[in-house]
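Undergrad: Model the following, please.
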Amino acid sequence: MIKILIADDHLIIRQGLRLILETENDLELVGEASDGNEAINLCKKLNPDVVLMDLRMPNMDGLTAIEKLRIEQPHIAVVILTTFNEDELMVRGLQAGAHGYLLKDTDRNTLFNTIRAAARGETLLKPEIMTRVLSRTNMPVHESKSSESVNLTDRELEVLKAVAQGERSKEIAVQLGISERTVKAHLASIYNKLGVDSRAAAIAVAAQKGLLGK
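TA: Numbers count the residues shown, from 1 in each chain. As a prediction, the model looks like this:
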């Protein structure tokens, strides 16, 4: 079972998501939060696998909550689920450590697939979202290593580009003729060089640095 926590300040949204999630046998809603502070506290108590996080909430917004979770409970995957179709918010959310970015009018299958990918530690971004991430190459990067030049090996660039296409580690291994363990080792090196700790953040930062266009 994939344990899920919803963080949204609108009760009707939480109720609707609860009904949708109940239709899937492998998804279990374990808690609901109405703001970022409550989400952080419930995560400590309930230890969910995935948090569906709204961005704009009272007391503590979603971006701040994502950043705190990345520090305090980095094993919890966060999927942003918001009404705000804004590129800057999207990239900031992915840089903060979110594993996905969905609008609240997304279809059920996309929601389910994104949750399952996040629970596996993978990133699943819709093509139109990925296109917008890749177009934001002129935005300032907020990571500590942003001012440093990034020297990725040819193989690391191949792995990074495959990740940007939404491919899983197993698929990348087959495509490149290497082991899945080697793919994960390359990812660890990429994360270190980019100063990030998730696939989504790596894609966002790499796009801003122009690495995915090479």
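Undergrad: Distance check, the most centrally placed residue in the chain against residue 169.
TA: Centroid-nearest residue in the chain, with CA atoms, centre = their mean: residue 99, separated by 1.2 Å. Distance from residue 99 to residue 169, counting by CB to CB, to the nearest Å: 14 Å. All C-beta spots, glycine's among them, are computed from the backbone N, C-alpha and C.
Undergrad: Provide a complete list of residue ranges assigned to helices in the chain.
TA: With helices called from DSSP state H, the chain shows them at 11-21, 36-46, 62-72, 87-96, 108-119, 127-135, 154-164, 169-176, 180-194, 199-208.
Undergrad: how far is the shortest one from where the chain is centred?
TA: The reference is to helix 169-176. Relative to its parent chain, helix 169-176 has a centroid offset of 21 Å by CA atoms, centre = their mean, to the nearest Å.
Undergrad: okay, the angle between it and helix 154-164?
TA: On the basis of axes from the mean of the first three to the mean of the last three CA atoms, to 10 degrees, helix 169-176 is oriented at 130 degrees to helix 154-164.
Undergrad: Return the alpha-carbon coordinates of helix 169-176 using CSV.
TA: What follows is helix 169-176, C-alpha atoms only, in CSV (Å, rounded to 0.1, in the frame of the first residue of the first chain):
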residue,chain,number,x,y,z
SER,A,169,16.2,3.5,-13.9
LYS,A,170,15.5,0.0,-15.3
GLU,A,171,14.6,1.4,-18.7
ILE,A,172,17.7,3.7,-18.7
ALA,A,173,19.9,0.7,-17.9
VAL,A,174,18.5,-1.3,-20.8
GLN,A,175,18.8,1.6,-23.2
LEU,A,176,22.4,2.4,-22.3
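Undergrad: by how many degrees do that helix and helix 180-194 diverge?
TA: Relative orientation of helix 169-176 and helix 180-194, computed by the same axes, to 10 degrees: 100 degrees.
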